[in-house]
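>>> Sequence first, predicted model second:
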Amino acid sequence: MTSPTASATAADTVRAARRLFAERFGGEPVGTWSAPGRANLMGEHTDYNDGFVLPFAIQHRTHVALGVRDDGMIRVASTFDDAAVEVPLAELDALFPARRDEIAEWARYPLGVAWALIGSGATGARGVDLAFASSVPVGAGLSSSAAIEGATASALAHTWGLDVDRVALARAGRRAENEAVGAPTGIMDQMASMLGRADAAIFLDCRSLDAQVVDLGFDDAGLELVVVDTGVSHSHATGGYGERRAACERGAAIMGVAALRDVSVDDLARAEGLMDDVTFRRVRHVVTENQRVLDTVRTLRERVPRAIGELLVASHASMRDDFEISVPELDTAVDAALAAGAVGARMTGGGFGGAAIALVAHDRLEQVTAAVNAAFAASRFTAPTIFTVTPSDGAGRDA
């Protein structure tokens, strides 16, 4: 079976989840819940450095159909995989993290959320069947993983009668990703998926978890946010992401601070004299990216959305040259979009593949799309998938 595409409507994906539930588990679910993927307007690899990020939830969502069981088992099935996974709730603590490799990677996300919620004191846990379908592109840097986690957390919190807020559910998702899956990510994706608001981004302080809504105003300004999914899949559980995180921690230790959040742009001259070149460039990206988030928020609040274009371009250059997480397909997407008149463009997500975003005037959308497709063809890359995203609401029960 294949996953619904990014062009699927929410109704299509809900039907797919309910249909899968009937096929795998029989009967009807008690309800469906969903959570969105996210695009990050600014702030890559700053979250696990206690820094600032500016993501927004997108309209593409993961939906889960849930049924209740009376035998203490949790079963999960997905349109991503023909095989369902079944585990007693009582055995989750033995599986995670020590024996996580025994579980298919996709299934670690929902099972890990259940494990994290139980570990945080959920006393009303009971057996469930969970069937997932999604319109969030997998491997595109749009956080399909956080969408699974957010949908699972919302469904289980309701079913198990948990009196917890959205931040607590985001924390459960992060723990699942860090320990059950083994991906050393921060909390940005989970917070964006849980807290998203229509026509707005979430300005998040990843140290305090203070979150502020920032109106984007793209539509009123005649702008579209375009996603170019390169088709180059990435995984946060593999080495490149972990190596970057280790370099950041090494740089913070050299600077004598708790995290790179505590290093300012003015400190970079001193940092350069203390570190090897690679560590310094990793540090420089995080420090300047934090400043770009602050500058982007200020610009959106005080000026017009078009004014953030240069910040988007500078962010991509920093990820390409200092953090070295771009790939030729991402660079091609960004360069072609800018050459065709995009206001700004950058890769988005953890890197090593995934997607780029471009801020484009309504009347330039066709030209930018054509230019990116032509550039990929000229470079003999696989054709990208190009679509627009709309800032949307966060996780919850489906109507």
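Now that the structure is in, tell me what you want to look at. Numbers count the residues shown, from 1 in each chain.

>>> can I assume Glu310 sits in a helix?
Yes. Assessed by DSSP: H, G, I helix; E, B strand; the rest coil, Glu310 belongs to a helix.

>>> quick one: it from Ile254, how far?
From Glu310 across to Ile254, the span is 31 Å (Cβ to Cβ, to the nearest Å). The way it works is simple: take the backbone N, C-alpha and C, and place the C-beta from them, glycine included.

>>> before we move on, what about Ala83?
Taken as Cβ to Cβ, the span from Ala83 to Ile254 is 46 Å.

>>> Tell me which of the two has more neighbours.
Legend: neighbour count by other Cβ atoms under 10 Å for Ala83 and Ile254, higher for Ile254 (15 against 10).

>>> Pull the contacting residues for the more buried one.
271, 274-275, 279 (Cβ atoms under 8 Å, 6 or more residues apart in numbering).

>>> Narrow those residues to just the buried residues.
Neighbour-count burial (16 or more other Cβ atoms under 10 Å) applied to the contacts of Ile254 gives 271, 275, 279.

>>> Phi first, then psi, for the second one.
Same thing as Met275. With angles defined as degrees, to the nearest 10, Met275 sits at phi -120, psi 160.

>>> With adjacent residues omitted, what lies nearest to it?
Ile254 (5.7 Å; Cβ to Cβ, 6 or more residues apart in numbering).

>>> Helix or strand: which one has that neighbour?
helix 239-255 (DSSP states H and E).

>>> could you give the mean pLDDT of that helix?
Averaging pLDDT along helix 239-255 gives 93.

>>> So which bits of that helix are buried?
Applying 16+ other Cβ under 10 Å to helix 239-255 flags 240-241, 244-245, 247-248, 250-252, 255 as buried.

>>> Ala65 belongs to a strand, doesn't it?
Yes. Counting by three-state DSSP, Ala65 is part of a strand.

>>> What is the burial count for it?
30.

>>> list the contacts for it?
Ala65 makes contact with 14, 17-18, 20-21, 29, 31-32, 130-131, according to Cβ under 8 Å, 6+ apart.

>>> May I see those residues organised as CSV, with neighbour count added?
Listed next are the contacts of Ala65 as CSV, based on neighbours: other Cβ atoms under 10 Å:
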residue, neighbour count
Val14, 20
Ala17, 29
Arg18, 18
Leu20, 22
Phe21, 24
Pro29, 22
Gly31, 15
Thr32, 22
Leu130, 32
Ala131, 27
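
>>> of all the residues you listed, which comes closest to Gly341?
Val14 (37.4 Å; Cβ to Cβ).

>>> what helix or strand does the closest one sit in?
With DSSP H and E as the criterion, the answer for Val14 is helix 10-25.

>>> Give the buried residues for the longest helix along the chain.
Longest helix in the chain, counting residues (DSSP state H): helix 277-302. By 16+ other Cβ under 10 Å, the buried positions in helix 277-302 come out as 279-293, 295-297, 299-300.

>>> got any ranges where the stretch 251-399 of the chain has weak pLDDT?
Residues of the stretch 251-399 of the chain meeting the criterion pLDDT under 70: 399.
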